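1. quick one: sequence plus predicted model below, questions after.
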Amino acid sequence: MMMLRSSRSLVIAMSITTVVLLLGYAYLLTFPGHRVMWNLPSFHFYVITPTLFMLAVSAVAVGWTGIRLRDMNVLMLALAILSLTGFFLIHGLSTLGSLLAIPTI
């Protein structure tokens, strides 16, 4: 990854990023089926749960390394990853139909 050393290079990098994102959005708007709603809550649950498990295992490994090296920055990184994993775990488990009942309204 390149380091941006001047404000000019930062502005150029941000401009390129903005243009690429806007072009991608414009392409998605021209896609013929972009307004179709997919109802796949179980697929979402099965994708999120193993991903979070792997993320939690890697966070524990990073935390263990931080403890062994006595590096507080690495340990804080591991704790941040674990807290993010917790939020996404709540998100994955609250997918309709997995643990929460599907509303009948």
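-> Received it, and whenever you're ready, just let me know what you need.
2. pLDDT score for the spatially most central residue of the chain?
-> Centroid-nearest residue in the chain: residue 88, 8.5 Å away (criterion: CA atoms, centre = their mean). What the model reports as pLDDT for residue 88 is 85.
3. ok, and what's touching the strand or helix carrying it?
-> In this assignment (DSSP states H and E), residue 88 forms part of helix 72-93. Helix 72-93 is contacted by residues 44-45, 48-49, 52, 55-56, 58-60, 62-63, 65-67, 98-99 when judged by CB atoms under 8 Å, 6 or more residues apart in numbering. (C-beta placed from N, C-alpha, C; glycine too.)
4. buried stuff in that helix?
-> Going by neighbour count (16 or more other CB atoms under 10 Å), the buried part of helix 72-93 is 74, 75, 77, 78, 81, 85, 88, 89, 92.
5. report the angle between the axes of the longest helix that the chain contains and helix 72-93?
-> If you go by DSSP state H, the chain has its longest helix at helix 41-69. Counting by axes from the mean of the first three to the mean of the last three CA atoms, to 10 degrees, helix 41-69 lies at 160 degrees to helix 72-93.
6. quick one: mean pLDDT over helix 41-69.
-> The pLDDT scores in helix 41-69 average 87.
7. same check on stretch 94-105?
-> Per-residue pLDDT over stretch 94-105 has a mean of 63.
8. repeat for stretch 73-83
-> 93.
9. alpha carbons only: can I get it in PDB?
-> Below are the C-alpha coordinates for stretch 73-83, written out as PDB (Å, rounded to 0.1, in the frame of the first residue of the first chain):
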ATOM      1  CA  ASN A  73      -1.700  -2.300  20.800                       C
ATOM      2  CA  VAL A  74      -2.100  -5.800  19.400                       C
ATOM      3  CA  LEU A  75      -4.200  -6.800  22.300                       C
ATOM      4  CA  MET A  76      -6.500  -3.800  21.800                       C
ATOM      5  CA  LEU A  77      -6.800  -4.700  18.200                       C
ATOM      6  CA  ALA A  78      -7.900  -8.200  19.100                       C
ATOM      7  CA  LEU A  79     -10.400  -6.900  21.600                       C
ATOM      8  CA  ALA A  80     -11.800  -4.500  18.900                       C
ATOM      9  CA  ILE A  81     -12.100  -7.400  16.500                       C
ATOM     10  CA  LEU A  82     -13.900  -9.500  19.100                       C
ATOM     11  CA  SER A  83     -16.400  -6.700  19.900                       C
END
